[in-house]
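**Q** Here is a sequence with its predicted model. Questions after.
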Amino acid sequence: MSEGGSQRQSSRSSSDQDDILAEEERKREDAEAAAMFDRSIRAFNLNPKRGIAYLLETHILNNSAEEVAEFLFRTRGLNKTKIGEWLGEPEEMNVAALSHFCTCFDFEDKSFLDALRTFLARLRLPGEAQKIDRIVEAFAKAFCSKNPSSFAGLDVVQILAFSTVMLNTDQHNPSIADSRRMTKEDFIRNNRGIDGGKDLAREVLEGIFDSIKAEELKTVEDRDDQGNLFTSTVRQGWLRKRGGALGNWQKRYFILTEQPPALYYFMTESDLDPRGFFMLDTGVEVRKSEGHVKQMELVPIPTELGTGQPSSLLKSAKFNSRMEIQLGRHQKCVLKGTDEADAWEWVQQLDLVIKTAERRALEYLASGHASADRRLDDLRVSDGSEKSHDQDEDRYTDGSDKST
């Protein structure tokens, strides 16, 4: 090859490497931003006041009721009970956010009951009567603003909404005996004269009663809403993880997710931040450890999505105290369940997530998209290092253990 050709090839190689490093930095920044946002979700689900404060302190949201309301309305994964509790508080920010939250709904040309069902699908009413009153009043204002001719006024909608909520509890609370449940006539009688001193049309009240009796008002859980921050949680629970300079077993709380395909671990179940994670998208498999019925291993394997050359490292990372990501250097991850059945269930669920991710990646590649991720993987594993990035927890690599 001529000297000029060699220089051009070297220049292209340097440019490609710069592009790869830039892409890796972008991914790191995206991951850090996602981690911060997920932290705010978990903070809110554990303590709504604390979660909103975190969002404002970190400038994820500006200090405005509109932005808080949009966050509560659009963010998947927020606990619906916590949303209701926070919106029902009497503080100025909460009341203003509640008003804006209600305007996020499209109530125009909806019937009263359809609008109420849509509204209560997004939050669960708290138990305190004053909070319920504030939330129901805000709903009534939003509904009337879009349907001014539906009823005589705001008070009618507010009373009818409260009455419908009470009917829903009466009809579907299993602790109430059937003989003591409200009848259709009881419901109609309870709502006499609420329309500016006049009775609402009987068919309207009968329709509400029949609909509620047939189908209760339901809050829609659109993601894992039990205090976890991740989408598509497949399994969660305590496992022991082999790590540290001496290869000791350390108890960690794990969350397995399908999107993204990853296994996250926490120091405690109530921690806001994951300690670290293992990516399960490509080039990894899970298997039972030979001779140890409670143990399982995540190990790297060759993959047709990359170069076909086996990687010696798992794709993993952990967060430091500043929520910065440090890439891992795991040759394997060895985990231990509480018993053989628990370990086998984890293996099955991990295998399902891995295979689903591989199928999706193959479909993506077959669609003709660029393979920048493939080049990144090649670069990441090219140093062949076998040492851990963390001396305190994850340096252990051989995974041996004689206990069962």
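**A** Perfect, thanks for sending it.

**Q** how close does the closest residue to D339 other than its chain neighbours get to V284?
**A** Spatial nearest neighbour of D339, excluding adjacent residues (C-beta to C-beta, 6 or more residues apart in numbering): K294 at 6.3 Å. The way it works is simple: take the backbone N, C-alpha and C, and place the C-beta from them, glycine included. As judged by C-beta to C-beta, to the nearest Å, K294 and V284 stand 21 Å apart.

**Q** So those two - more neighbours on which side?
**A** V284 (25 against 21; other C-beta atoms under 10 Å).

**Q** Bridging across strands, which residues link to the more buried one?
**A** Here V284 shows beta-bridge partners P300, assigned using DSSP bridges.

**Q** Do a quick rundown of the helices in the stretch 51-200 of the chain.
**A** Secondary structure of the stretch 51-200 of the chain, counting by DSSP state H, counting those that start in this stretch: helices at 65-74, 80-87, 92-103, 112-120, 129-146, 154-172, 184-190.

**Q** What I need now is those written out in JSON lines, including mean pLDDT and mean neighbour count for each item.
**A** Converted to JSON lines, the helices of the stretch 51-200 of the chain look like this (pLDDT from 0 to 100; neighbours: other C-beta atoms under 10 Å):
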{"stretch": "helix 65-74", "mean pLDDT": "95", "mean neighbour count": "18"}
{"stretch": "helix 80-87", "mean pLDDT": "94", "mean neighbour count": "22"}
{"stretch": "helix 92-103", "mean pLDDT": "97", "mean neighbour count": "19"}
{"stretch": "helix 112-120", "mean pLDDT": "96", "mean neighbour count": "20"}
{"stretch": "helix 129-146", "mean pLDDT": "95", "mean neighbour count": "19"}
{"stretch": "helix 154-172", "mean pLDDT": "95", "mean neighbour count": "19"}
{"stretch": "helix 184-190", "mean pLDDT": "95", "mean neighbour count": "15"}
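
**Q** Select, out of those helices, the one closest to A262.
**A** helix 65-74 (23.2 Å; C-beta to C-beta).

**Q** now the angle from that closest one to helix 80-87?
**A** Calculated by axes from the mean of the first three to the mean of the last three C-alpha atoms, to 10 degrees, helix 65-74 forms an angle of 160 degrees with helix 80-87.

**Q** thinking again about what came up before, reformat the helices of the stretch 51-200 of the chain into a markdown table and put distance to D38 next to each item.
**A** Shown next, in a markdown table, are the helices of the stretch 51-200 of the chain (distance: least, C-beta to C-beta, whole Å):
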| stretch | distance to D38 |
| --- | --- |
| helix 65-74 | 13 |
| helix 80-87 | 16 |
| helix 92-103 | 21 |
| helix 112-120 | 26 |
| helix 129-146 | 27 |
| helix 154-172 | 32 |
| helix 184-190 | 44 |
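
**Q** out of the ones you listed, which comes closest to R39?
**A** helix 65-74 (13.7 Å).

**Q** Can you tell me what sits against that closest one?
**A** The contact list for helix 65-74, computed with C-beta atoms under 8 Å, 6 or more residues apart in numbering, reads 52, 55, 61, 78, 83, 86-87, 93, 96-101, 103-104, 122.

**Q** Report the angle between it and helix 92-103.
**A** 50 degrees.

**Q** Give me the distance from helix 65-74 to the chain's centre.
**A** 17 Å (C-alpha atoms, centre = their mean, to the nearest Å).

**Q** Let's see it as PDB, backbone CA atoms only.
**A** The C-alpha atoms that make up helix 65-74 are tabulated as PDB, following Å, rounded to 0.1, in the frame of the first residue of the first chain:
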ATOM      1  CA  ALA A  65     -47.200  23.700  39.200                       C
ATOM      2  CA  GLU A  66     -47.700  23.200  35.400                       C
ATOM      3  CA  GLU A  67     -44.500  21.100  35.100                       C
ATOM      4  CA  VAL A  68     -45.200  19.100  38.200                       C
ATOM      5  CA  ALA A  69     -48.700  18.400  37.000                       C
ATOM      6  CA  GLU A  70     -47.400  17.300  33.600                       C
ATOM      7  CA  PHE A  71     -44.900  15.000  35.300                       C
ATOM      8  CA  LEU A  72     -47.600  13.400  37.400                       C
ATOM      9  CA  PHE A  73     -49.900  13.000  34.400                       C
ATOM     10  CA  ARG A  74     -47.400  11.700  31.800                       C
END
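
**Q** Tell me the spacing between S316 and Y253.
**A** Counting by C-beta to C-beta - S316 and Y253 are separated by 17 Å.

**Q** Poorly predicted segments of the stretch 251-400 of the chain, please.
**A** Scanning the stretch 251-400 of the chain for pLDDT under 70 picks out the ranges 270, 272-273, 302-311, 321-325, 364, 367-400.

**Q** can you rerun that using 80?
**A** 259-260, 269-274, 282, 302-313, 319-330, 361-400 (pLDDT under 80).

**Q** residue boundaries of the helices in it?
**A** Under DSSP H, counting those that start in this stretch, the stretch 251-400 of the chain gives helices at 340-366, 372-381.

**Q** so how far is R39 from G328?
**A** 20 Å.

**Q** oh, I was asking about G193
**A** 51 Å.

**Q** Mind checking which of these two has more residues around it?
**A** R39 (22 against 10).

**Q** So what's the model's average confidence on the helix or strand where that one lies?
**A** Using DSSP states H and E, R39 maps to helix 3-46. Throughout helix 3-46, pLDDT has a mean value of 68.

**Q** So that it lines up with my notes, have the first residue be 59 from now on.
**A** With 59 as the first residue, the last one maps to helix 61-104.

**Q** Show me the one of the helices of the stretch 109-258 of the chain that comes nearest L263.
**A** helix 242-248 (4.9 Å).

**Q** Who are the packing partners of the closest one?
**A** helix 212-230, helix 260-272 (3 or more C-beta pairs under 8 Å, 6 or more residues apart in numbering; DSSP states H and E).

**Q** and of those helices, who's closest to M325?
**A** Ranked by C-beta to C-beta, the member of these that lies closest to M325 is helix 212-230, at 39.8 Å.

**Q** gap between that closest one and the chain center?
**A** 31 Å.

**Q** Repeat that for stretch 168-183.
**A** 23 Å.

**Q** go on, stretch 310-322?
**A** On C-alpha atoms, centre = their mean, the centre of stretch 310-322 falls 11 Å from that of its chain.

**Q** any residues touching it, and which ones?
**A** Contacts for stretch 310-322 (C-beta under 8 Å, 6+ apart): 286, 288-299, 323-327, 329, 332-339, 356, 393, 404, 407-408, 411-412, 414-415.
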